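> After the sequence you'll find the predicted model.
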Amino acid sequence: MPISLTQLAARVGRELAGVRRVWLDDGLAEPFRTALPRLTTTVARPSDAEVAVVATAQITNEGELTAEGTGTVAASRVLAVVQRLDSLAAAGTRPIVMQLTGSPAARAARLFTNLGVVDVTAEGLLIVELAPGAAATDLQRIAEPTLMIAPAVTEMNLAPIADDLDSGLDRGPGAS
């Protein structure tokens, strides 16, 4: 059901294929740094990144999130990661909430958890991918607002990113 932290990091790494400049929240565990595509460079400030990847304990239906140990995050695109879902659930805390308990740090476009991937849409949060063996009801259990389910939910691709995906080149048959 829930995937490992290394598998979650690999899925986020796949999301960053073709992204050249990324900012990683200091709150993210080491597997996220090692899962980055080969040609992706980390930058020191979120404002210098094409994409910011933020560790969060809370996200709202509108995509507002709190950042663990980080101030306001400004970037072209923000991806939220809940990496300690089991410990949050054990403490009785739901990471997907109606209202944040802390100050908002950013607005995310997508949320990654060890149960699935959720897009932030104008209508609310939409489940688009599920971890192998997970169900939409598993994600709903960690959410206060009702989550929508995409018509064609796919299984999360947990394989580490391959160099051919990372290069951005179309390597057809016979290419070396």
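Ah, there it is.

> where does this structure have low pLDDT?
68-72, 87, 89-90, 163-176 (pLDDT under 70).

> So in it, which helix runs the longest?
Secondary structure assigned by DSSP state H gives helix 5-15 as the longest helix of the chain.

> where along this structure do the helices fall?
Assigned by DSSP H, the chain shows helices spanning 5-15, 30-34, 85-90, 136-140, 163-167.

> Identify each buried residue in the fourth one, please.
It refers to helix 136-140. Applying a neighbour-count criterion of 16 or more other Cβ atoms under 10 Å, one finds A136, D138, L139, Q140 buried in helix 136-140. Using the backbone N, CA and C atoms, a C-beta is placed for each residue, glycine as well.

> likewise the longest one?
Residues L5, Q7, L8, A9, A10, R11, V12, G13, R14, E15 are the ones in helix 5-15 that count as buried (16+ other Cβ under 10 Å).

> Same question for stretch 138-154.
D138, L139, Q140, I142, A143, L147, M148.

> quick one: contacts of that stretch?
Residues outside stretch 138-154 that contact it (Cβ atoms under 8 Å, 6 or more residues apart in numbering): 1, 60-61, 85, 88-89, 94-98, 113, 115-116, 118-119, 121, 123-130, 136.

> Among these, name the buried ones.
Among the contacts of stretch 138-154, those scoring as buried are 60-61, 85, 88, 95-97, 113, 115-116, 118-119, 124-130, 136 (criterion: 16+ other Cβ under 10 Å).

> tell me, what residue is most central in this structure?
The centroid of the chain falls nearest to F112 when counting by Cα atoms, centre = their mean (3.1 Å).

> can you put the helices of the chain in JSON lines and add distance to V73?
Converted to JSON lines, the helices of the chain look like this (distance: least, Cβ to Cβ, whole Å):
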{"stretch": "helix 5-15", "distance to V73": "16"}
{"stretch": "helix 30-34", "distance to V73": "15"}
{"stretch": "helix 85-90", "distance to V73": "20"}
{"stretch": "helix 136-140", "distance to V73": "24"}
{"stretch": "helix 163-167", "distance to V73": "24"}
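
> do you know which of those lies nearest V78?
Across those, V78 has its closest neighbour in helix 5-15 (11.9 Å, Cβ to Cβ).

> ok, V22 - contacts?
Residues near V22 by Cβ under 8 Å, 6+ apart: L16, L36, T40, T41, T42, V43, A49, E50, V51, A52, V53.

> Turn the residues you listed into a markdown table, columns for distance to L24 and neighbour count.
As requested, the contacts of V22 are exported to a markdown table (distance: Cβ to Cβ, whole Å; neighbours: other Cβ atoms under 10 Å):
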| residue | distance to L24 | neighbour count |
| --- | --- | --- |
| L16 | 10 | 22 |
| L36 | 8 | 20 |
| T40 | 10 | 20 |
| T41 | 11 | 12 |
| T42 | 6 | 13 |
| V43 | 9 | 16 |
| A49 | 9 | 24 |
| E50 | 13 | 16 |
| V51 | 10 | 22 |
| A52 | 8 | 28 |
| V53 | 5 | 29 |
